[in-house]
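Engineer: quick one: sequence plus predicted model below, questions after.
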Amino acid sequence: MENDIEKFLYQFIDLPKNIISIFKETLSYSEIAPLDFFIKTNEYPTDFLIIKTGLIRSYLETEDGKEITRNFFTPGQVASSLSAVIKEVPSELNYQALTKVTGYKANFLKFKELTLKHHELSLLYIKTLEDSYLKVENIILDISINPSTKRYLLLKERIPNIDNLISQRHIASYLNITPVQLSRIKKKLLTS
């Protein structure tokens with residue numbers, strides 16, 4: 001855990017050892033089996049997960065049962081229904097492991113209490129929120145301005161082995177296309 005957490009923290013901020021120790025005390029090692037849920041729709045989430053290995057997707061389910069993948073969370077990222085945790089309301093999204101996921105779980109409210117006591121943890125909180133915002137903004141821009149082939153290539157750039165990790169229907173859902181359209185894109189890319 002020692003190196004995992006320090007590696008995670010240093011991507012955002014350089015913290016003193018005593019603050020790293022305080023942060024680590026809030027964490028517990030966690031594993032999620034493939035297709036199990038970290039958070040389900042309508043649950044009141046309290047935790048966040050720093051992903052060490054594996055892949056989690058967030059998705060919503062429409063009234064007719066269609067699943068729409070909103071995001072993929074990869075190693076080094078924090079997975080949680082952030083808006084639900086902050087506002088203390090039920091999650092509108094499901095957070096599901098697509099592969100075996102390992103990581104470090106912590107209670108959000110306990111972490112937030114620590115940010116009031118330790119300025120350095122407040123800075124960490126700000127940096128992680130900024131990072132989350134920028135990532136979501138990039139996803140929205142990619143979906144808004146890029147054609148489906150470009151969105152697929154950008155996703156493969158972000159998660160190079162995604163085709164070997166998860167089902168094509170999850171990839172297609174994230175790209176906002178059908179699995180048949182994804183198949184055509186992949187075929188076209190192979191022949192060009």
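Structural biologist: Noted; the coordinates are in hand. Please read these numbers as outputs of a predicted model, since none were measured by experiment. Numbers count the residues shown, from 1 in each chain.

Engineer: against which helices or strands is the lengthiest helix in the chain packed?
Structural biologist: Secondary structure of the chain read by DSSP state H shows that its longest helix is helix 119-145. Here helix 119-145 is seen to pack against helix 17-25, helix 108-117, helix 148-158 when contacts are counted using 3 or more Cβ pairs under 8 Å, 6 or more residues apart in numbering; DSSP states H and E. For every residue, glycine as well, the C-beta is placed using N, CA and C.

Engineer: how far out from the middle of the chain is the first one?
Structural biologist: Counting by Cα atoms, centre = their mean, to the nearest Å, helix 17-25 is centred 23 Å from the centre of its parent chain.

Engineer: what residues sit buried inside whichever helix or strand comes after that helix?
Structural biologist: From helix 17-25 onward toward the C-terminus, using DSSP states H and E, the following helix or strand is strand 28-32. When neighbours are counted by 16 or more other Cβ atoms under 10 Å, the buried residues of strand 28-32 are found to be 30, 32.

Engineer: give me the contact list for the helix or strand just after strand 28-32.
Structural biologist: Elements were assigned by DSSP H and E; along the chain past strand 28-32, the next helix or strand is strand 37-39. Identification of contacts with strand 37-39 by Cβ atoms under 8 Å, 6 or more residues apart in numbering yields 32, 45, 49, 56, 79-81, 84, 91, 93-97, 101.

Engineer: kindly report the same for stretch 44-51.
Structural biologist: Judged by Cβ under 8 Å, 6+ apart, the contacts made with stretch 44-51 from elsewhere in the structure are 4-5, 8, 27, 30, 38-39, 56, 73-82, 84-85, 88-91, 101-109, 111.

Engineer: wasn't residue 91 part of a strand?
Structural biologist: No. Under the criterion used here (DSSP: H, G, I helix; E, B strand; the rest coil), residue 91 is coil, not part of a strand.

Engineer: re earlier: nearest to residue 132, of the contacts of strand 37-39?
Structural biologist: In terms of Cβ to Cβ, no member of the contacts of strand 37-39 lies closer to residue 132 than residue 80, at 9.4 Å.

Engineer: that closest one touches residue 108, doesn't it?
Structural biologist: Yes. Using Cβ atoms under 8 Å as the test, residue 80 is close enough to residue 108 to be in contact (6.8 Å).

Engineer: bridging residues for residue 101?
Structural biologist: residue 32 (DSSP bridges).

Engineer: contacts only, for it.
Structural biologist: Residues in contact with residue 101 (Cβ under 8 Å, 6+ apart) are 31-32, 38, 49, 51, 53-56.

Engineer: what's opposite the residue most central in space within the chain in the beta bridge?
Structural biologist: Geometric centre of the chain, nearest residue: residue 73, 2.6 Å, by Cα atoms, centre = their mean. When bridges are assigned using DSSP bridges, the partners listed for residue 73 are residue 56.

Engineer: wait, it touches residue 55, no?
Structural biologist: Yes. Between residue 73 and residue 55 there is a contact at 7.1 Å, judged by Cβ under 8 Å.
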